[in-house]
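Asker: just need the structure, nothing else, for what follows:
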Amino acid sequence: MKRLKALLQKIKLDDVRLRNKFLVLFAFCVLIPIILTNVIFFNLINNNVQSQRYSDIQNAVEQIKSDLWIEVEEAVSVAYVLYIEYYIYNLLDSHYEQDSEFVKAYDSYFRRLITSYQPVYTSIQNIKIYVDNPSILHSGGIAFIDDDVRKQEWYKSYLKHQDGQPFLVRTPEEDLLTSRNTQNTFSLVRKLDFFNTMNNWEKVLKIEIRPSVLSNTLTNLNVPGYVYLVNEHRQVEFTTDPNIDWQQGAVDFSNVKIDDDYVLFESSQFEGNPIKQWKIIAAVPESEVVLGLQNTLHLILGIGFINLVVASGVVIIVSRSITTRLARILRHMKRVKNHKFDMIEKIEAKDEIGQLSEEFNRMTSQISSLINDVYVADIKEKDMEIEHRHAQLNALQSQINPHFLFNALETIRMRSIIKKEAETAKIIHNMAKLFRGSLTWKRDKVPLTEEIEFINCFLEIQKYRFADRLVYTIDIEEEAKKCLIPKLIFLPFVENACIHGIEKVRHGGEVIITFKVVNNRLIFSIKDNGSGMNDEKINRIKSYLYSSDEIGERIGVQNVIYRLKLIYNTEFDFEINSEEGKGTAILISLPAEYSKT
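Answerer: Sure thing, here's the model as predicted:
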């Protein structure tokens, strides 16, 4: 017991996969029990069938013995009646002077007596009494013992049996005496000495048994093999084995060649004369002995196969119902580890796994909600703050001593005013406003009007630069003026339209800017008729929408798209259409956000 417990602890069943546990359960609780049960059942059936088959064949052998004894007993009964019949003794021991005297005595009684038995006893073929009385005639049922008779084998056997008891001996049929070498039937021989008359001639009774009766009796259909009738010396007296020429003489049963795959069945010994201690032996092929086992085997295999298929089907269905759903829950749990909070669909089961799936969905939904409401919002806020500080730092790093620049620009502007150069002074003033606005990051979002003011300043500077080569238009709806936007979110696109688009146009450059609110979304569009872009540049700008790389020190369009993703995630739209030599059109759609004051 301790060893078994130690073995189970060593195996660590809890570490085995559930599918393998079901396989082990199936093997030990279904497969092995079915196989063992079928094997045990087959052995029991096999033993019972074999025992029954052995018993049936043995009973058939005993039945042959019984039937043969009935046939022989008929001859014994007739022999006994004739043995004690006084008139026979008187007839056979009398001396007849004339043949007519014997014929008269024979017809008066003996003819009727002899012929009366054969119709009644079908096993008796011929009845004949041999006598050495020289005064009688050879007639039906009576024969003279001459030298030919004394040379016959049955008569020699008779001389050896002087105890007065009847005995059975093989003889040829009376009508086949010319073929004396063929002893194809049996005859019951008995000495008639019950009465002692005056002359007391030698008298021998010979009752011939019908050969067909013997053949039919020993050829029993219930014994599917060879049948041997052996005497007390175990010599074959009669057989159905065609390989033995039993009619030519006795054959020792020990010399009979019987194949190893034959089974021998012996009857009990005959108890009475004239075949006392004789036996019936049957040699039956082993295949006949086990006849019916094949059908039984097929039946057992069929039942076992059906049981195995049904049990296997049930185990497979139940195990798949469990393992498949558990594997699905495990896959979703691994997705949760990778921050993918997918729900388990099609939960219809009401068992424990179905309840577990429902609880997993509820837990996943709560975790996703908490992460979106708290964690993601907090991370988003932190990222925005970091980017805000990073943008401020980039803005500071992009300037060299800003106060010095402001003072220098103010000195230049004042000098231009003194010299009455109003246009130059205006441009310098716009320049200073742009510098000051780009360096002030106290607020994340500013009114759209403030952004438009920056755009106007920038466009005025570009107008001063390009003169008549640039014409611009800004169209803004009243509703759009109330919106708040991230600071400097549109200016880089205006800058790109002027510097990269209009700069290469010699005359007729035009920039059209519109702001409007549609379905609670702020729509910004800018179009120019500048040099445009090739597909490579367009694809590179579009790739910024899907890239998560750090922007480093780049503060152009990539910076704007990066900030839009941080602020709006997927709630903003960005479209760009451009063709070389025909200009560029950009559209940005943001959620409309209004000031609370």
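
Asker: where along the stretch 51-200 of the chain do the helices fall?
Answerer: 86-93, 99-105, 111-115, 147-151, 153-160 (DSSP state H, counting those that start in this stretch).

Asker: looking at those, which one is packed in the most?
Answerer: With neighbours defined as mean count of other C-beta atoms under 10 Å, the helices of the stretch 51-200 of the chain peak in mean count at helix 86-93, which reaches a mean of 18. Every residue, glycine included, has its C-beta placed from N, CA and C.

Asker: right, and Val204 touches Leu188 too?
Answerer: No: in this structure, Val204 is not within contact of Leu188 by C-beta atoms under 8 Å, at 11.1 Å.

Asker: more neighbours, these two?
Answerer: Between Val204 and Leu188, Leu188 has the larger neighbour count (other C-beta atoms under 10 Å), namely 25 against 21.

Asker: and that one, what is it in contact with?
Answerer: By C-beta atoms under 8 Å, 6 or more residues apart in numbering, the contact set of Leu188 is 72, 75-76, 79, 166-168, 205-207, 209, 274.

Asker: same thing with Ser123?
Answerer: If you count contacts by C-beta under 8 Å, 6+ apart, Ser123 has them with 71, 74-75, 209-210, 213.

Asker: in CSV, list those along with neighbour count, pLDDT and distance to Glu286.
Answerer: Converted to CSV, the contacts of Ser123 look like this (neighbours: other C-beta atoms under 10 Å; pLDDT from 0 to 100; distance: C-beta to C-beta, whole Å):
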residue, neighbour count, pLDDT, distance to Glu286
Glu71, 19, 83, 31
Glu74, 20, 84, 36
Ala75, 26, 84, 37
Ile209, 24, 85, 33
Arg210, 20, 83, 34
Val213, 21, 80, 31
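
Asker: in strands only, show me those residues.
Answerer: Ile209 (DSSP state E).

Asker: buried residues in stretch 124-144?
Answerer: 124-131, 133, 136, 141-143 (16 or more other C-beta atoms under 10 Å).

Asker: can you list contacts of it?
Answerer: Contacts for stretch 124-144 (C-beta under 8 Å, 6+ apart): 74-75, 78, 82, 88, 92-97, 99, 102-103, 106, 110-111, 114-115, 117-118, 145, 149, 155, 173-174, 185, 192, 199, 201-211.

Asker: name the nearest of the contacts of Leu188 relative to Asp475.
Answerer: If you rank these by distance to Asp475 using C-beta to C-beta, Val72 comes first, at 138.7 Å.

Asker: so who does that closest one touch?
Answerer: Residues in contact with Val72 (C-beta under 8 Å, 6+ apart) are 168, 186, 188, 209, 274-275.

Asker: let's see it at 10 Å
Answerer: 123, 166, 168, 186, 188, 207, 209, 213-214, 217, 270, 272-275, 278 (C-beta atoms under 10 Å, 6 or more residues apart in numbering).

Asker: so where's the stretch 1-150 of the chain uncertain?
Answerer: Applying pLDDT under 70 to the stretch 1-150 of the chain picks out residues 1-16, 18, 115-120.

Asker: can you map out the helices along the stretch 451-597 of the chain?
Answerer: Going by DSSP H, counting those that start in this stretch, the stretch 451-597 of the chain shows helices at 478-481, 491-496, 535-543, 557-568.

Asker: so which of these is nearest Phe28?
Answerer: Nearest to Phe28, of the helices of the stretch 451-597 of the chain and by C-beta to C-beta, is helix 557-568 at 59.1 Å.

Asker: CA atoms of that closest one as CSV?
Answerer: This file holds the C-alpha atoms of helix 557-568, laid out as CSV (Å, rounded to 0.1, in the frame of the first residue of the first chain):
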residue,chain,number,x,y,z
VAL,A,557,3.6,66.1,-39.8
GLN,A,558,4.8,63.0,-37.9
ASN,A,559,4.8,64.9,-34.7
VAL,A,560,1.2,66.1,-35.3
ILE,A,561,-0.1,62.6,-36.2
TYR,A,562,1.7,61.1,-33.2
ARG,A,563,0.0,63.7,-30.9
LEU,A,564,-3.4,63.0,-32.5
LYS,A,565,-3.0,59.3,-31.8
LEU,A,566,-2.1,60.1,-28.2
ILE,A,567,-5.0,62.4,-27.6
TYR,A,568,-7.8,60.9,-29.7
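
Asker: which of the contacts of Val72 are buried?
Answerer: Buried among these (16+ other C-beta under 10 Å): 123, 166, 168, 186, 188, 207, 209, 213-214, 217, 270, 274-275, 278.

Asker: out of those, which one has the lowest pLDDT?
Answerer: pLDDT across these is lowest for Leu214, at 77.

Asker: test my guess that it contacts Glu173.
Answerer: No: applying C-beta atoms under 10 Å, one finds Leu214 not in contact with Glu173, separated by 11.8 Å.

Asker: what about the helices in the stretch 251-400 of the chain?
Answerer: Using DSSP H, counting those that start in this stretch, helices in the stretch 251-400 of the chain cover 286-289, 293-337, 352-370, 376-397.

Asker: how big is the angle separating the second one from helix 352-370?
Answerer: Relative orientation of helix 293-337 with respect to helix 352-370: 10 degrees, computed using axes from the mean of the first three to the mean of the last three C-alpha atoms, to 10 degrees.

Asker: quick check: which ranges of the stretch 251-400 of the chain have low pLDDT?
Answerer: For the stretch 251-400 of the chain, the ranges with pLDDT under 70 are 291-295, 297, 339, 341, 346-350, 372, 374-377, 379-380, 386-400.
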